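Chemist: Can you look at this prediction? I've put the sequence above it.
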Amino acid sequence: MTNAEWNTISFPNLGIEFPVYSTAFTIFGFDVKWYGICIMLGGLLAVLYCFKRMKSFGVDDDRAIDVVFWGFIGAIIGARLYYVFMSWDDYKDDLTQIFNTRSGGLAIYGGIIGAVLFGAIAAKIRKVKLMPLLDLTGIGFLIGQALGRWGNFFNHECFGSNTTLPWGMTGPKIQADLQSHIYDIFEATGVEVDPALPVHPCFLYESLWCILGFVLLHLYSKRRKFDGELFFMYIGWYGLGRVFIEGLRTDSLMVGHLRISQLVAGLCVVASIAVIIAMRHKIKMDGEYVFYKDTDEFKQLIAETEKKYKAEEEKRAEKKAAKSKDAELKPEDRLVDDDNEKSESEENNNGENN
């Protein structure tokens, strides 16, 4: 079997077949994986979206840069540690593989936990209000996850059990993976799979679910009832989709017969609904809710930031004007000015000596 045949993914019911490689390109002998590119692209688009809307949510983008940076670092660390912890048997004999993330092995819920923890610490240090920032973060997560899931497609992973639906997919790598785990899948889930038949493209389901969630939260964002509501809606929306999608997968992280991500997703749905109901009830009882973006504290913070930028701009303008004036002087004038400055300096020195 050729390399192209081995990396083929096909959709038999649609009559579509093409090779899908995990490596995008090689530079200086280093393979750059599509998995990493998809995650980085998703993260970049999420950051661009969030920074464009920060002030309207009550977040100073100047202070938020550090928070976003550490949140991203926390997401990568958390996603990897969560996956390794749940798949410890695959790493305990070769600990160096813990650091090999280029071929996959990142868990979404670990990424969310890591991003929130690291981001919360950075927000505390940089004096950024966490809940308004989390509102934007939830929408940003949906952008990142929608694109990041395509990294699983390039890795020929994140698929489900057999299906007769038109978009069922298959391929040599998928078939080999199912064949090698066919008994483990049945023992853990009770699901029988036929490696020769098409399977659910679960990565696609999750990507589409995240895109739909992004659109809905974006449209609702101007109608939010309190700071943090969008984040809890994100937790509930993503969890609801994951409950059903995870139930189709054959490569779930398992503890005995329990799909960990499915359990966590279900708890997230319940918790998010409870928090939203409780907060809305509190607001109804209090009679009024003031968003952080409308507080005097935030307005003063923005005024100070704008004052800082204005001072820096004036300083740059003065330096530019001084350079421009110096460039306009004729060489002989510049020489005279230099001689005058030298004479004044010598006179000052003589005066000091006397």
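Modeler: Everything's here; your move. Numbers count the residues shown, from 1 in each chain.

Chemist: Could you report the distance from the closest residue in space to residue 162 that isn't next to it in sequence to residue 10?
Modeler: Distances taken as C-beta to C-beta, 6 or more residues apart in numbering put residue 197 closest to residue 162, at 4.6 Å, once the chain neighbours are dropped. Where C-beta positions appear, they are placed from N, C-alpha and C, glycine not excepted. Using C-beta to C-beta, to the nearest Å, we find residue 197 at a distance of 12 Å from residue 10.

Chemist: More neighbours: those two, which one.
Modeler: With neighbours defined as other C-beta atoms under 10 Å, residue 197 and residue 10 compare such that residue 10 has more, 18 against 15.

Chemist: For that one, report the pLDDT, please.
Modeler: Here, the pLDDT recorded for residue 10 equals 96.

Chemist: and what of the one 5 residues further on?
Modeler: Residue 15 is assigned a pLDDT of 95 by the prediction.

Chemist: shared neighbours, residue 197 and residue 10?
Modeler: Counting by C-beta atoms under 8 Å, 6 or more residues apart in numbering, the shared contacts of residue 197 and residue 10 are residue 170.

Chemist: re earlier: enumerate every residue touching the residue nearest to residue 162.
Modeler: Counting by C-beta under 8 Å, 6+ apart, residue 197 has contacts 162, 168, 170.

Chemist: Report the contact partners of the last one.
Modeler: Taking C-beta under 8 Å, 6+ apart as the criterion, residue 170 is in contact with 9, 10, 12, 196, 197, 198, 199.

Chemist: For the residue nearest to residue 229 when sequence neighbours are not counted, give its distance to residue 139.
Modeler: In space, and not counting its chain neighbours, residue 229 is closest to residue 276: 6.3 Å by C-beta to C-beta, 6+ apart. According to C-beta to C-beta, residue 276 stands 16 Å off from residue 139.

Chemist: the more surrounded of those two?
Modeler: residue 139 (24 against 18).

Chemist: Need the three-state assignment for the more buried one.
Modeler: With DSSP: H, G, I helix; E, B strand; the rest coil as the basis, residue 139 sits in helix.

Chemist: Report the separation between it and residue 263.
Modeler: Remark: distance between residue 139 and residue 263 (C-beta to C-beta) = 25 Å.

Chemist: Contact partners for residue 61?
Modeler: Residue 61 neighbours (C-beta under 8 Å, 6+ apart): 51, 54, 55.

Chemist: out of those, which are buried?
Modeler: With burial judged by 16 or more other C-beta atoms under 10 Å, the buried subset of these is 51, 54.

Chemist: Could you single out the nearest of the contacts of residue 61 to residue 187?
Modeler: The closest of those to residue 187 turns out to be residue 51 (C-beta to C-beta; 47.7 Å).

Chemist: quick one on the thing from earlier: emit the ChimeraX select command for whichever of the contacts of residue 170 are buried.
Modeler: A single ChimeraX command selects the buried members of the contacts of residue 170 (16+ other C-beta under 10 Å):
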select :9,10,198,199
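
Chemist: Could you tell me which of the contacts of residue 170 are located in strands?
Modeler: Residues from the contacts of residue 170 lying in strands, with DSSP state E as the criterion: 9, 10.

Chemist: Nearest to residue 45 among the contacts of residue 170?
Modeler: The closest of the contacts of residue 170 to residue 45 turns out to be residue 9 (C-beta to C-beta; 24.6 Å).

Chemist: Return the residues in contact with that closest one.
Modeler: By C-beta under 8 Å, 6+ apart, the residues touching residue 9 are 17, 18, 19, 20, 153, 156, 169, 170, 171, 174.

Chemist: looking at it, the first one is touching residue 5, isn't it?
Modeler: Right, the one you point to is residue 17. No. Using C-beta atoms under 8 Å, residue 17 is not in contact with residue 5, being 10.1 Å away.

Chemist: Tell me which of these two has more neighbours.
Modeler: For residue 17 versus residue 5, neighbours defined as other C-beta under 10 Å are more numerous around residue 17 (13 against 10).

Chemist: Pull the contacting residues for that one.
Modeler: Counting by C-beta under 8 Å, 6+ apart, residue 17 touches 8, 9, 10, 11.

Chemist: The residue nearest the centre of the chain: which element?
Modeler: Closest to where the C-alpha atoms of the chain average out (C-alpha atoms, centre = their mean) is residue 43, at 4.2 Å. Assigned by DSSP states H and E, residue 43 belongs to helix 34-57.

Chemist: same question, residue 225
Modeler: Residue 225 belongs to no helix or strand, assigned by DSSP H and E.
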